[in-house]
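Participant: Just need the structure, nothing else, for what follows:
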Amino acid sequence: MAFIALIVLVLLCFFINISLGSLSIPNKAIFNILLGNNENISWHHIIIDYRLPKAVTAIIVGSGLGVSGLMMQTLFRNPLAGPFVLGITSGASLGVAIITMGASILGGTLLGILASKWSIVIAATFGSFLVLLVVLIVSTRVRDSMAILIIGLMFGSISTAVVNVLSYFSSAEELQQYFFWGFGSLGNLSWNEVFILFLIYAIGLLFSLTSVKTLNTLLLGENYAISLGLNIKKSRFIIIIATSLLAGTITAFTGPIAFIGLAIPHITRQVFNTSNHKILLPAVFLSGAIVMLICDSISQLPNSDYTLPINAITSLVGAPVVIWLLVRKRKMVF
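Facilitator: Down below sits the predicted model:
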């Protein structure tokens, strides 16, 4: 019954999301456009080519970050862990920083050539992949998951330091471009880009689904999991791959989106009052999609030409909800 309510909420939030924007379009016209009836050429272009891919992207981002955050919190047994603790986002940010702000160091003439839309996506993907590669190598050599967590945090610190150095030598235009990417955005993707994002996201979700039993076993502790016959290194490898595919790809296409991966698993645990990942994983998937659609709808400032940074909205809307739930429940389900 709870899952039916969540699915209905996703559909409702999805429709509300595509109905809001700087131009007011009647709900009846939106339904007709979605059904393939061309009401108005301008309206059709706005709904099909802009609002619809943005809403689909919001679902992918919310569900993907929520699921990857859940896996990281379970793997490291740490309520403060999120999808970005492995340093994947920091690697992506470093890749983008080199493309957007490295032009000054390289002579200042490459900014217009390098800092194109696809170049930024490729740079972010390459940066996150390099960090993932190192983390995977480390994961096969160490026994303690906390060591991997610390190494991921150290990579984040190194990446931040390099970005700061690049920022110091960059022009105002380059800094602005990098910071705009850091705000996060759901509305800049074409259908081709959404399709590529969805393919990699689907592979990450598939790995996540195969890890449900593993995640439940890890709740008992690594030593007990080993005594039950669980191959820790192999399981850890699969979980890290799944998280990297989800979080790394989402960051590459939409920029770093804060709060969702950290808080959605906590919200879902408090609402469902369970630690069973057979229930939690689909619940987090749906909850993440709902929250992201709501945050994106708020960020659009309906009937206005302004759009607020999605990162600011996710934290402003979500953090008070988490605080309220924890105070109300008085204890954390984990």
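
Participant: Report the buried residues of stretch 21-36.
Facilitator: Residues Gly21, Ile25, Ala29, Ile30, Asn32, Ile33 are the ones in stretch 21-36 that count as buried (16 or more other Cβ atoms under 10 Å). Glycine gets a C-beta too; all of them are placed from N, C-alpha and C.

Participant: scratch that, stretch 230-241
Facilitator: Burial within stretch 230-241, assessed by neighbour count using 16+ other Cβ under 10 Å, is assigned to Leu230, Ile232, Ser235, Arg236, Ile238, Ile239, Ile240, Ile241.

Participant: now swap in stretch 130-149 and tell me
Facilitator: By neighbour count on 16+ other Cβ under 10 Å, the buried set for stretch 130-149 is Leu130, Val131, Leu132, Val134, Val135, Leu136, Val138, Ser139, Ser145, Ile148, Leu149.

Participant: Could you do stretch 166-180 as well?
Facilitator: Leu166, Ser170, Glu174, Leu175, Gln177, Tyr178.

Participant: Can you tell me which of the residues you listed comes closest to Gly248?
Facilitator: Lowest distance from Gly248 to the buried residues of stretch 166-180 (Cβ to Cβ) belongs to Tyr178, with 18.4 Å.

Participant: and the closest one, what pLDDT?
Facilitator: If you check Tyr178, the pLDDT there is 85.

Participant: follow-up on the earlier one: reformat the buried residues of stretch 130-149 as a markdown table; add distance to Ile264 and secondary structure.
Facilitator: Converted to a markdown table, these look like this (distance: Cβ to Cβ, whole Å; DSSP: H, G, I helix; E, B strand; the rest coil):
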| residue | distance to Ile264 | secondary structure |
| --- | --- | --- |
| Leu130 | 27 | helix |
| Val131 | 23 | helix |
| Leu132 | 22 | helix |
| Val134 | 27 | helix |
| Val135 | 23 | helix |
| Leu136 | 25 | helix |
| Val138 | 27 | helix |
| Ser139 | 25 | helix |
| Ser145 | 21 | helix |
| Ile148 | 22 | helix |
| Leu149 | 20 | helix |
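
Participant: and of the residues you listed, the nearest to Ala58?
Facilitator: If you rank the buried residues of stretch 130-149 by distance to Ala58 using Cβ to Cβ, Leu132 comes first, at 24.6 Å.

Participant: Against Ser299, how distant is that closest one?
Facilitator: Using Cβ to Cβ, to the nearest Å, we find Leu132 at a distance of 29 Å from Ser299.

Participant: next one: Asn231
Facilitator: 43 Å.

Participant: now Val271
Facilitator: In terms of Cβ to Cβ, Val271 sits 24 Å off from Ser299.

Participant: where does the stretch 51-200 of the chain dip in pLDDT?
Facilitator: Scanning the stretch 51-200 of the chain for pLDDT under 70 picks out the ranges 103-117.

Participant: mind running it again at 50?
Facilitator: Low-confidence segments of the stretch 51-200 of the chain (pLDDT under 50): 109-114.

Participant: can you give me the helices in it?
Facilitator: Residue ranges of the helices in the stretch 51-200 of the chain, as given by DSSP state H, counting those that start in this stretch, are 52-76, 88-101, 103-106, 111-114, 117-139, 145-168, 172-183, 191-210.

Participant: Out of these, which is closest to Val322?
Facilitator: Closest of the helices of the stretch 51-200 of the chain to Val322 is helix 52-76, at 12.3 Å (criterion: Cβ to Cβ).

Participant: and the angle for the closest one with helix 191-210?
Facilitator: Interaxial angle of helix 52-76 relative to helix 191-210 (axes from the mean of the first three to the mean of the last three Cα atoms, to 10 degrees): 30 degrees.

Participant: And the furthest pair within the buried residues of stretch 166-180?
Facilitator: With Cβ to Cβ as the measure, no two of the buried residues of stretch 166-180 lie farther apart than Leu166 and Gln177, at 12.1 Å.

Participant: Throw the buried residues of stretch 166-180 into CSV and include distance to Ile200, thanks.
Facilitator: Listed next are these as CSV, based on distance: Cβ to Cβ, whole Å:
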residue, distance to Ile200
Leu166, 27
Ser170, 30
Glu174, 28
Leu175, 30
Gln177, 25
Tyr178, 24
